[in-house]
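Peer 1: no sequence on this one, just coordinates:
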């Protein structure tokens, strides 16, 4: 069993940057692909970014490509999401998730077995 915990959320202004972190416990993440999803207010959860178990491959939603960077430190069982040029539409609860499945990287939440509780990101204009 893997327990995931997000941190780093908060209230920021339009154009600001913010870095989210995801820390694992219970089991190493080294064999899992990892992903970030978000759920905007009143909307369904959506894919943000994913990274392979090795960190060599990444995949981004079109809406965040070029602004967000996903990375991982397998030795520390942590994953991060660096967010730049934040917009009000980035306001959401952000979740990290772990996927035991084989490549390719998935943008479907159904493929992710373990989830964190989420961290709120609010971007004010």
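Peer 2: Received the coordinates, thanks. Being a predicted model, the structure only gives us computed values, none of them experimental.
Peer 1: going forward, measure contacts between C-alpha atoms and count neighbours the same way
Peer 2: Noted.
Peer 1: how about the residue most central in space within the chain, what does it touch?
Peer 2: By Cα atoms, centre = their mean, the chain has its centre lying nearest to residue 36, at 2.2 Å. The neighbourhood of residue 36, defined by Cα atoms under 8 Å, 6 or more residues apart in numbering, consists of 47, 48, 49, 50, 81, 94, 95, 96, 97.
Peer 1: Just the buried ones from these?
Peer 2: Among the contacts of residue 36, those scoring as buried are 47, 48, 49, 50, 81, 94, 95, 96, 97 (criterion: 16 or more other Cα atoms under 10 Å).
Peer 1: shouldn't the last one be in contact with residue 117?
Peer 2: No. Taking Cα atoms under 8 Å as the definition, residue 97 is not a contact partner of residue 117, at 9.7 Å.
Peer 1: you'd agree residue 61 is up against residue 47?
Peer 2: Yes. Shown here, residue 61 and residue 47 form a contact pair, counting by Cα under 8 Å, at 6.5 Å.
Peer 1: in a helix, that's where residue 89 is, yeah?
Peer 2: Yes. When classified by DSSP: H, G, I helix; E, B strand; the rest coil, residue 89 is found to be part of a helix.
Peer 1: Please tell me how far it sits from residue 48.
Peer 2: Taking Cα to Cα, to the nearest Å as the criterion, residue 89 is separated from residue 48 by 13 Å.
Peer 1: do the same with residue 87
Peer 2: With the distance defined as Cα to Cα, residue 87 ends up 14 Å from residue 48.
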